[in-house]
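# Mind folding the following:
(chains A and B, ligands or ions: 2)
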Amino acid sequence: MTNVPQSAILAEEAEPKPGPGSQVTATTRPSWRNLNFGPRMWVALTIIFLIVLMAEVGPFVYPYKSSLKVGSLYDEPSAAHLLGTDNFGHDIIAVLMNSTRNSLLNGLLAGTLAVFIGVLIGILAGYVGGWFEELLMGITNIVVAIPSIVVLILISMSLQHTNVGFLKGIGGLALVIGITSWPWTARAVRAQASSVATREHIDIAKLSGAGTPSILIRDVLPYLASYVVMAWVLQLASAILAESTLSMLGLGPSGTDSLGIELHWALAFQAVSTGAWWAFLPPTIILTLISFSLLYLQSSLDEVFNPRLRRGKKKNLAKAAARRAETARKLAQQNEKVEVLS
Amino acid sequence: MTATSSQNEAVASDGSVPVLSAVNVVKEFKVAGGHITAVDNVSVDFHAGKVLAVVGESGSGKSTLARMLLRLMPVTSGTIKYLGKDVTNIKGSELRAYWRDVQAVFQDPFSSFNQFFTVGQTLRRRMSAKQGDESLDELIERCLSYVGLKSRDAVNKFPHQLSGGQRQRVMIARALMMNPKVLLADEATSMLDASLRVSALNVLQDLRDRLGLTVLFITHDIGQACYLADEVVVMENGLVVERGLTDDVIFNPQNAYTKRLLADVPDLKGSLKSRNN
Ligand SMILES: Nc1ncnc2c1ncn2[C@@H]1O[C@H](COP(=O)(O)OP(=O)(O)OP(=O)(O)O)[C@@H](O)[C@H]1O
Ligand SMILES: [Mg+2]
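Ligands and ions are numbered 1, 2, ... in the order given. So this is what the prediction gives:
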C-alpha cells in the first residue's frame, strides 16, 4: 500500500511550490484513486524500496563504519566482511551503503532541480506562447546544443576549487547536473502545456477573473502532473548515472563516497585486472538496479496515467481531435450505459 | 411555452450606442498550404436588452466570431467596441474588467471544466463570499436553480460525474453568477432535452426582460433562434448573408441560404404563427 501516497508525494515534490491557499494537491487527489497499478509497478517499487532501505537504514544496523579501516588492500570476502574490503581496507558493504545513500541523494537533488527548472520554463513557454515561447525555447535549444559532458567537466572541475563545503561535496555535483539536464523536460512540458492551453476551461478561468499565476498552478499544472512525475523519475535515473560517470572519470567530489567514486577507485587500483570483483561488481549492480527500476517505474507509470492528456503538438489540430475524441468517448459511454440499462 | 409578448415587438437599432459591436472583423487562420478566412468582414451590433441570434451551419465561423468578441482570440483586422470604447487591444486589468461584464457559455461542456475541480470549486472561483445582499451559497443555489439543478446535489460533484447536459447547465449557471451585462451563449443548449432547453431559453429571456441582459445566442438551429431572438444574423462561410428582425427573416427571407435553413425546419412558420396569435 505504499504506492499511492508515494506517487502523490512524488507529484508534490516535483511541482513548483503552490501559492498559499492553493488547493492543487487537494484537488488532484481524486484522480489518484482511479489509478490502477500493474505488476510491473510493484516490481519497480519493491526494488526501489529495498535499495532505499539499504541506503538509509543499513548504516545504522551494520556494525562497521564506511570510514573505518578494517583490513588491507582488497581483502577477499570472508565471514567477517562478506564482500571483503576495498583499496583503503574499508568494509565494502559499509562503503556500498554509504555510497548508495549519497548517489540517491545526488539524484534526488539534481533530478528535482532539473524538473523544477524544466517545468517552470516549459509551462511558461507553452502557456504564454508567442515570442516568449520562441525565446525560452531558443534558450533551451542552446543548452541542448552545448555538449553537456564538456560543461559538466568544466564546472565540476572549477567547483573542486571552491571553499563552500556544500558545493565541494555531492551537492555541487548535483547542482551542476541539475542545471544542465533540464532541457528535455522543458520541451516535453512545453508541448503538453500548449495543448492544455487550448482547452476551454482556461478561457472559463479567465472569464471568472483568474490571473495568470492562478491559471498556471490550478488549471495547467494538474493536467501535466503525470508528465511531471514521469519526467522526475527519468531525471532521477539520469542524474544518478551522470553522477557516477563523472565520478568514475575522477571529476566527482573528493573525500566522500558515491557509487561512481567507488568505481573510480576500483579502476585506479586495478581491481578489474587483479580479479578483485568485490570492489567493482557491487556498485555496478546497484547502479544497474537503480536505473532499471526507475526506468521500469517510468514505463509502468506511462500506462497508468490517463492517456487522455497525450496530445499532439499542433495546437489546433490537437484541439479539434481531442474534442472529437472526447465527445465520441462520451457518446460511446452513454451508448454503453443505455445498452446496459436496456 | 411561455413566450413573452415583448419579443414580438422586436426592435432594431434606434440610434442608441450598441452595448457591444464588431466592426469589419476578419479572422484568418493559417493552415497547411495557405489560409482560410473563418470570419470575413463581419459587422454586428448588440443592443442593450436584446437577444441577437447568430445562425449558420457548422464551420460558418460562429464560434470564431464569439471568441473574438470575448477577446479570447485576436482579430486579424477590425474593431471590437464595448459601450462605444475600442476594446480590441486592451490588456491586463482593463481586460479583466471587460470579462466581468461580458460572459460566455462555450460550445463544448467537456473541455469547459477543469476536471480537477468540483462544481462548487468551479463556481466559487474568484467570487467573494458576499455578493450584494446574498451569500455566495445563496447565489450559487439561485443560479443553479435557474437551470434546474439542485445546489446540494451538484456542488460536490466532479465534472466527470455529471452528464453532458448537466455540465452545460452548470456552465450557464456560472456565467449567470457573474451577473454579466452581455452573455455570449455558444450552442449552450445543444445537449439539453426539449423541456430543459425551453426552460434554459426562458431563463435567458427572463433575464433579458428583468435585468436588461444582452444576449448573443449562437446556434445552428434556426428554430431556437426564432424562439428567443429579437434579431437574427445568418452566417455562411464566414460571411453575414442575411440579417434583420426575427420575424422578417423567417417570414420574408431574402437569401437562398436562409431559405434552405428555414426549409429544414418544416413547421417552424406554423408554430410561430400560432404563437403570435
Ligand atoms: N484555431 C483554428 N485554426 C484553424 N482553423 C480554425 C480554427 N478554429 C476554427 N477554424 C476554422 O474556422 C472555421 C469556422 O470555425 P467555427 O468554430 O467558428 O465554426 P462554427 O460556426 O462555430 O461551427 P460549429 O457550429 O460546428 O461550432 C472552420 O472552417 C474551422 O475549421
Ligand atoms: Mg462553434
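# just checking, residue B:167 touches residue B:107?
No: checked against C-beta atoms under 8 Å, the pair residue B:167 and residue B:107 is beyond contact range at 11.9 Å. Heads up, the C-betas are built off the backbone N, CA and C, glycines and all.
# How many neighbouring residues does residue A:284 have?
Burial of residue A:284, expressed as a neighbour count using other C-beta atoms under 10 Å in any protein chain shown, amounts to 15.
# residues touching it, list them.
Contacts of residue A:284 were listed using C-beta atoms under 8 Å, 6 or more residues apart in numbering or on different chains, and they are residue A:263.
# Which helix or strand contains it?
Secondary-structure assignment from DSSP states H and E places residue A:284 in helix A:277-304.
# same check, this time on residue A:154
Element membership for residue A:154 (DSSP H and E) is helix A:148-159.
# And that helix, what's buried?
A:148, A:152, A:155-156, A:159 (16 or more other C-beta atoms under 10 Å in any protein chain shown).
# Return the member of these nearest to ligand 1.
When the buried residues of helix A:148-159 are ranked by distance to ligand 1 (C-beta to the nearest ligand atom), residue A:148 comes first, at 36.9 Å.
# In contact with the closest residue in space to residue A:235 that isn't next to it in sequence, which residues?
Computed as C-beta to C-beta, 6 or more residues apart in numbering or on different chains, the closest residue to residue A:235 that is not its neighbour in sequence is residue A:111, at 3.8 Å. Contact analysis of residue A:111 by C-beta under 8 Å, 6+ apart lists A:178, A:232, A:235-239.
# Can you verify residue A:111 is assigned to a helix?
Yes: Residue A:111 sits within a helix when classified using DSSP: H, G, I helix; E, B strand; the rest coil.
# tell me the phi and psi of residue 251?
I went with chain A, as the question did not name one. Residue A:251 adopts backbone torsions of phi -100, psi 10, taken as degrees, to the nearest 10.
# For it, grab the count of nearby residues.
Quick note: residue A:251 (other C-beta under 10 Å) scores 22 neighbours.
# what about it, distance to ligand 1?
Taking C-beta to the nearest ligand atom, to the nearest Å as the measure, residue A:251 and ligand 1 are separated by 50 Å.
# how about the nearest residue to that residue, chain neighbours excluded?
Setting aside the residues directly before and after it, residue A:251 is nearest to residue A:156 in space (C-beta to C-beta, 6+ apart), at 4.7 Å.
# From residue A:110, how far off is that neighbour?
The span separating residue A:156 from residue A:110 equals 12 Å under the rule C-beta to C-beta, to the nearest Å.
# list residues touching both of those two?
When C-beta under 8 Å, 6+ apart defines a contact, the residues bordering residue A:156 and residue A:110 alike are A:173, A:176.
# Identify the single longest helix in chain B, thanks.
Secondary structure assigned by DSSP state H gives helix B:194-211 as the longest helix of chain B.
# May I see the buried residues of that helix?
Of the residues in helix B:194-211, those buried by neighbour count under the rule 16+ other C-beta under 10 Å are B:196-205, B:207-208.
# Now do it: which elements does it pack against?
Of the remaining helices and strands, those touching helix B:194-211 by 3 or more C-beta pairs under 8 Å, 6 or more residues apart in numbering or on different chains; DSSP states H and E are strand B:51-56, helix B:164-177, strand B:182-186, strand B:214-219, helix B:222-228.
# list the contacts for residue B:191?
B:109, B:164-165, B:167-168 are the contacts of residue B:191 under C-beta under 8 Å, 6+ apart.
# returning to what we had before: for residue A:62, see how far away the residue nearest to residue A:251 is.
30 Å.
# Okay, now the unreliable bits of the chain?
Reading this off chain A. For chain A, applying pLDDT under 70 flags the ranges A:1-38, A:148, A:160, A:164-168, A:304-321, A:331-332, A:334-342.
# Actually, chain B is the one I wanted.
Along chain B, the model assigns pLDDT under 70 to residues B:1-16, B:128-132, B:266-277.
# Next, the contact list for residue A:302, please.
Here residue A:302 is in contact with residue A:230 (C-beta under 8 Å, 6+ apart).
# can you check residue B:73 too?
With contacts defined as C-beta under 8 Å, 6+ apart, the neighbours of residue B:73 are B:27, B:64, B:67.
# can you check residue B:167 too?
Counting by C-beta under 8 Å, 6+ apart, residue B:167 touches B:109-110, B:112-113, B:159, B:191.
# Check which helix or strand residue A:233 maps to.
Here residue A:233 is assigned to helix A:221-248, by DSSP H and E.
# Give me the number of neighbouring residues for residue B:54.
Using other C-beta under 10 Å as the criterion, residue B:54 is surrounded by 28 other residues.
# Just list whatever residues bridge to it.
With DSSP bridges as the criterion, residue B:54 is bridged to residue B:218, residue B:233.
# Turn the contacts of residue B:73 into CSV, including distance to residue A:279.
As requested, the contacts of residue B:73 are arranged in CSV below (distance: C-beta to C-beta, whole Å):
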residue, distance to residue A:279
B:27, 70
B:64, 69
B:67, 67
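# out of those, who's near chain A?
Of the residues in those, proximity to chain A by C-beta under 8 Å from any C-beta of the partner chain holds for residue B:67.
# can you list the residues of the stretch 51-200 of chain B near chain A?
B:67, B:70, B:72, B:96, B:99-100, B:103-104, B:106, B:108, B:110-118, B:121-122, B:125-127, B:158, B:164, B:171, B:174-175, B:178.
# Filter those down to the buried ones, ChimeraX style.
What follows is the ChimeraX syntax for the buried subset of these, where burial is set by 16+ other C-beta under 10 Å:
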select /B:67,70,72,96,99,103,104,106,108,110,111,112,113,114,115,116,117,118,121,122,125,127,158,164,171,174,175,178
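# Among the residues of the stretch 51-200 of chain B next to chain A, name the ones in strands.
By the criterion of DSSP state E, membership of these in strands covers B:103-104.
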